[in-house]
Every structure is written in C-alpha cells, then in structure tokens.
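Q: let's see this in three dimensions:
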Amino acid sequence: MTMGMLIATLILLTFIPGLELRASIPVGFFTPAIRESMTWPVVAAICLAANIAVGVLTFWLMGPVERILRRWAWFDRRVWPILERSRGKLHPYVEKYGEWGLAVFIGVPLPGTGAYTGAFGAYLLGFDRRRFWIANALGVLIACLAVVGLCLLIDRGAIAEESLLRRLFLKQLPDGTAG
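A: Residues are numbered from 1 along each chain as shown. Take a look at the predicted model:
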C-alpha cells in the first residue's frame, strides 16, 4: 500500500461515527503495514487532525441541515420537541462548566461521546463557533492522549497478555503471537 492509501485509511476510519480516533489510532498502531510505514506519533497526529476536522465539519453543517429538516412538518412536530427537551436538560451543565464540560464529554473515550455528538450537542445548546472549536480541539486531544497511552501500555507489555483489553486491541493467534 502506498503512503497516501495508508493515510486515507486512517482518515476514513476517523470519519466513521462512533469510531473516530478511538479506532483509527489502534488500527494505525497495531497494523503491520501502517506501523512499518510511519511512526506512532505520525499516526496519532493524522488521526488527531482528522478527528478535529470531524467536529468542525459536523458543527458547520448543523445549521443548513436543521433548516432543511425543519421545513418538514413531521420533523418540527415529532423530532424537534425531543431535541428541545434534551437541550433543556443539558443547558445547566453547559452554563456551569462551559467549554471544559463539552471538552470532557468529547474526550471521554466511551460509546456515545466524541466529536460528532459533541458538535451536535454544542449546536443545540447555542455554542458559538469559537467556543465549540476550542472545546472540540481540547476534547479530541484528551481522547487522543488516552487512546495513545493505552496503545503504548499494550505495546510495551504493561497490559497482561490474557487481558480482555489486550484481546480487543490485538487479534491473538493460536500460538500466542499478535496477528
């Protein structure tokens, strides 16, 4: 595979909702073809930049998408009230913690968090572009550091061979070697 194809693979993986850099960094870290072609800091930098772009593009597209969807009466009657209730529940936390609260939400590497959901929530809560960009960059950086740290622990053998965490990240062959 060419270097361009490897980089495109990492970027495309990062753009998949629900995966983002939480999947693309381990793939880049533990796939032999990628690992031979670039160092882990380069993999992390590519995935970090792509994941920040995910949040920025999603936030930027929310306005036009909302305007299109709100033209349909069913969306305005059925879906928009649910979104309004969610906004009402989240608003006190955003008022209290601001960008830091959103950054932590984006950065915690758990299902349902990340740049896509952070951008969606920030848009619904009325964040301005600058506040969201700061929170998005900080949150994605938090997630990147957590995933890279975990990958380094696995790679250096600090996580036990038999652990579930290691098996999730590395496909184990019957002879015990990583595949």
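Q: where in the protein is pLDDT low?
A: By pLDDT under 70, the low-scoring segments of the chain are 86, 89-90, 93, 161, 165-166, 168-179.
Q: tell me the spatial nearest neighbour of residue 13, not counting adjacent residues.
A: Sequence neighbours aside, residue 24 is the residue nearest to residue 13 in space, at 3.8 Å (criterion: C-beta to C-beta, 6 or more residues apart in numbering). Glycine gets a C-beta too; all of them are placed from N, C-alpha and C.
Q: which residues does that neighbour contact?
A: By C-beta atoms under 8 Å, 6 or more residues apart in numbering, the contact set of residue 24 is 10-11, 13-14, 47, 50-51.
Q: and the top helix by length along the chain, how far from the chain's centre?
A: Looking across the chain with DSSP state H, the single longest helix is helix 40-69. Offset of helix 40-69 from its chain centre (C-alpha atoms, centre = their mean, to the nearest Å): 9 Å.
Q: following it, which helix or strand shows up next?
A: helix 73-74 (DSSP states H and E).
Q: what number of residues lie near residue 153?
A: By other C-beta atoms under 10 Å, the residues close to residue 153 number 14.
Q: for residue 114, same thing?
A: Residue 114 - counted by other C-beta under 10 Å - has 27 other residues nearby.
Q: before we move on, what about residue 152?
A: Neighbours around residue 152, by other C-beta under 10 Å: 13.
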